[in-house]
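J.: Sequence isn't available, so here's the structure alone:
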């Protein structure tokens, strides 16, 4: 994998570049739609490519490991072939899902033991078998196994959590180096910088991670309960500690405003379930602000969804029509809203790239955040 920076904003840490993988190039800053179990919910691959213009999507190791399972994925020739997606894929290690979904789990230096949220069966992720699992899945970019520390954790807990993550990273990197890809193309892995909201731990985590000379670095354990201001504070601390010539990935974040603020602080890659999850529940993001399509105010508004924007929703569909679909409980409502939100997020980072190249990102962002964060 190669990463090259093509432009920098003179008034902030925002930059744009290109990430080259075995399955194609990705322009950064980039938003990555989440395809947890091998699909982006309710969205055709055709639309992901042609209308939403997704350049890379995610899969999740925890979910794919449980279902359809490694035997099926290996027989299929990996996730790209299994889900018929020929562009890059990134896989999370599953650490966050163990943290958030498993009702019974145990973390030890050996690994994390957990119960499946599907049938209660017992499983263990170790750094070694997590590498092997992601080799079988076949993602272009793999995430190292980590513990996602709660945002409200005290320093003592965060200290123990980071020690666990550091030990796992050392074993993960060793296993990665001694194994080979299974499907004839290169894979890489990103260490994850943890440390909760504590500057000393974040510095230690970043210093430890860069020792592995990885192709990129992830920043995890943010937007998990801590105040938004703390998240921005941690980004301002961590990004300058990571190599300038490697991509920086902020995991699981977030709102459109979060993304623009992250870009200003030097982040290159983002993912979040918010566009599709909120879309399925009637929330639309637009360049004029946020809309709840269930509200009666849209019942006879026949204007376009986002007339001032360039994001995709077929112009034949009005606010009134989408409101009607949600009130009627039609599946088409969730599909349209999900596609619109994803297209908006991809347009958001596309516009960010243009303004970094123009050298006026910081000023543009200040105005954009106010507009896109308002409630309509």
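T.: That came through fine. Here the structure is a predicted model, which means the values were calculated and not measured.
J.: Now for the most centrally placed residue in the chain: which residues touch it?
T.: Nearest residue to the geometric centre of the chain (C-alpha atoms, centre = their mean): residue 271, 1.9 Å. Taking C-beta atoms under 8 Å, 6 or more residues apart in numbering, we find residue 271 in contact with 31, 32, 33, 34, 58, 90, 251, 252. Using the backbone N, CA and C atoms, a C-beta is placed for each residue, glycine as well.
J.: Wait, the third one touches residue 274, no?
T.: No - counting by C-beta atoms under 8 Å, no contact exists between residue 33 and residue 274, whose distance comes to 10.8 Å.
J.: the more surrounded of the two?
T.: The neighbour comparison of residue 33 against residue 274 (other C-beta atoms under 10 Å) goes to residue 33, with 24 against 21.
J.: And that one, what's its pLDDT?
T.: With respect to pLDDT, residue 33 scores 98.
J.: likewise residue 149?
T.: 87.
J.: I'd assumed residue 198 was in contact with it.
T.: No - applying C-beta under 8 Å, one finds residue 149 not in contact with residue 198, separated by 9.6 Å.
J.: residues shared between the contacts of the two?
T.: The contact sets of residue 149 and residue 198 overlap at residue 158 (C-beta under 8 Å, 6+ apart).
J.: Looking at the two, which has the bigger crowd around it?
T.: Taking neighbours as other C-beta under 10 Å, residue 149 and residue 198 compare with residue 149 leading, 27 against 19.
J.: need the contact list for the more buried one.
T.: By C-beta under 8 Å, 6+ apart, the residues touching residue 149 are 157, 158, 161, 162, 194, 195, 196, 221, 224.
J.: So which of those wins on neighbours?
T.: residue 221 (35 neighbours).
J.: Name the helix or strand for that residue, please.
T.: Following DSSP states H and E, there is no helix or strand that holds residue 221.
J.: Can you give me the end-to-end span of stretch 78-96?
T.: In terms of C-alpha to C-alpha, to the nearest Å, the two terminal residues of stretch 78-96 are separated by 22 Å.
J.: in that stretch, what counts as buried?
T.: Neighbour-count burial for stretch 78-96, with 16 or more other C-beta atoms under 10 Å as criterion, is recorded at 78-80, 82-83, 85, 87-96.
J.: In strands only, show me the residues you listed.
T.: Counting by DSSP state E, these place 89, 90, 91, 92 in strands.
J.: you'd agree the first one is up against residue 81?
T.: No - contact between residue 89 and residue 81 fails when scored by C-beta under 8 Å: they sit 11.1 Å apart.
J.: Now do the shared contacts for these two.
T.: With C-beta under 8 Å, 6+ apart as the test, residue 89 and residue 81 reach no residue in common.
J.: can you pull out the helices in the stretch 251-376 of the chain?
T.: 256-264, 274-280, 319-328, 331-358, 361-373 (DSSP state H, counting those that start in this stretch).
J.: can you tell me the average pLDDT over the third one?
T.: Confidence over helix 319-328, taken as the mean pLDDT, stands at 97.
J.: Next, the residues that contact that helix from outside, please.
T.: Residues outside helix 319-328 that contact it (C-beta under 8 Å, 6+ apart) are 282, 284, 291, 293-295, 298-305, 332-333, 336-337.
J.: Recalculate using a threshold of 6 Å.
T.: For helix 319-328, the surrounding residues in contact (C-beta atoms under 6 Å, 6 or more residues apart in numbering) are 282, 293, 294, 298, 299, 300, 301, 302, 332, 333.
J.: Weed out the non-buried ones from those residues.
T.: By neighbour count, with 16+ other C-beta under 10 Å, these hold 282, 293, 298, 301, 333 as buried.
J.: Would you format these as CSV with pLDDT and distance to residue 65 included?
T.: Listed next are those as CSV, based on pLDDT from 0 to 100; distance: C-beta to C-beta, whole Å:
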residue, pLDDT, distance to residue 65
282, 98, 32
293, 98, 36
298, 98, 41
301, 96, 45
333, 97, 32
